[in-house]
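Colleague: Just need the structure, nothing else, for what follows:
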Amino acid sequence: MTDLKKLSSNIKKIFPGYQVNLQFDEITLSVPAQDVSKVLKKLKTMSQLKFEQMIDLAAVDFSEFPQKNYENCRYAVVYHLLSLKHNSRIRVKAFIKDNSFPVIETITSTYANADWYEREAFDLFGIMFLNHPDLRRILTDYGFIGHPFRKDFPMIGNIEMRYDPSQKRVIYQPVTIDPRNNVPRVIHDEGFRNG
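Modeller: Modelled structure (predicted):
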């Protein structure tokens, strides 16, 4: 049995009732959002696992591909963990039930570096992290309205910012770009040949 198959088998035993997938040489453990804190603590502290480093945290908007196994959850937070002791990685997907107001517990007490990653997920996807020490926008402007990585956010945005020389300051106004078709035209040259 390969190391990944062995690890996958151990994770299935340790976390019964959760979905564990081994595809493309990667292990994915899928859990409901309310269980993610205890699952991550166990992954970090158990001697046979020791996933002591979180190397990435990202949010996903599944609005066009609802996850049927998870009650059509629109949002998930994905954690990528690394075990230096066992030279292994795991991905943990935490599915959030409330599609209108996504909320999940912060994991900053387990992995301190989650702080800015969670702020980014909040800023770009609107996912609230309960008990986060400083949950505020990190990439967009303080006056920004909406969450730009949500699939229902308009591609041209809602407002634009420009400098007004008469007022000698930056002003915000509704977007003035006319919607247009951005599909490129392809012109085929029948007589073109290589070589």
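Colleague: Next, count neighbours for Ser37.
Modeller: 19 (other CB atoms under 10 Å). Bear in mind the C-beta positions are built from the backbone N, C-alpha and C, glycine included.
Colleague: And for the closest residue to it other than its chain neighbours, the neighbour number?
Modeller: Of all residues not flanking Ser37 in the chain, Glu105 sits nearest, at 4.8 Å (CB to CB, 6 or more residues apart in numbering). The local packing of Glu105 (other CB under 10 Å) involves 20 other residues.
Colleague: Check His147 too.
Modeller: His147 has 19 nearby residues by other CB under 10 Å.
Colleague: and what of the one 3 residues further on?
Modeller: Here the neighbour count serves as a burial measure; for Arg150 (other CB under 10 Å) it reads 16.
Colleague: thinking again about what came up before, who does the residue nearest to Ser37 form a beta bridge with?
Modeller: Glu105 has these beta-bridge partners by DSSP bridges: Leu130.
Colleague: State the distance from it to Leu139.
Modeller: 22 Å (CB to CB, to the nearest Å).
Colleague: residue nearest the centroid of the chain?
Modeller: Ala59 (1.3 Å; CA atoms, centre = their mean).
Colleague: what ranges do the helices span in this protein?
Modeller: Ranges of helices within the chain are 3-14, 36-45, 114-125, based on DSSP state H.
Colleague: Can you tell me which of these is packed in deepest?
Modeller: helix 114-125 (a mean of 20; mean count of other CB atoms under 10 Å).
Colleague: List of residues touching that one?
Modeller: 54, 56-59, 61, 75, 77, 102, 106-108, 127-129, 132-140, 147-150 (CB atoms under 8 Å, 6 or more residues apart in numbering).
Colleague: looking at the helices of the chain, which is closest to Lys85?
Modeller: Nearest to Lys85 among those is helix 36-45 (11.2 Å), distances taken as CB to CB.
Colleague: What's the mean pLDDT across that closest one?
Modeller: Averaged across helix 36-45, pLDDT comes to 97.
Colleague: Equivalent analysis for stretch 71-91, please.
Modeller: On average, stretch 71-91 scores 93.
Colleague: ditto for stretch 120-134
Modeller: 96.
Colleague: Okay, now that stretch: how far is its last residue from its first?
Modeller: 12 Å (CA to CA, to the nearest Å).
Colleague: before we move on, what about stretch 50-70?
Modeller: 27 Å.
Colleague: now stretch 4-24
Modeller: Start-to-end, stretch 4-24 (CA to CA) is 11 Å.
Colleague: Flag the shaky bits of the protein, pLDDT-wise.
Modeller: 1-2, 66-69, 156-158, 177-195 (pLDDT under 70).
Colleague: one step back: I figured the residue nearest to the centre of the chain was touching Ala76, is that so?
Modeller: Yes: Ala59 is within contact range of Ala76, at 7.2 Å (criterion: CB atoms under 8 Å).
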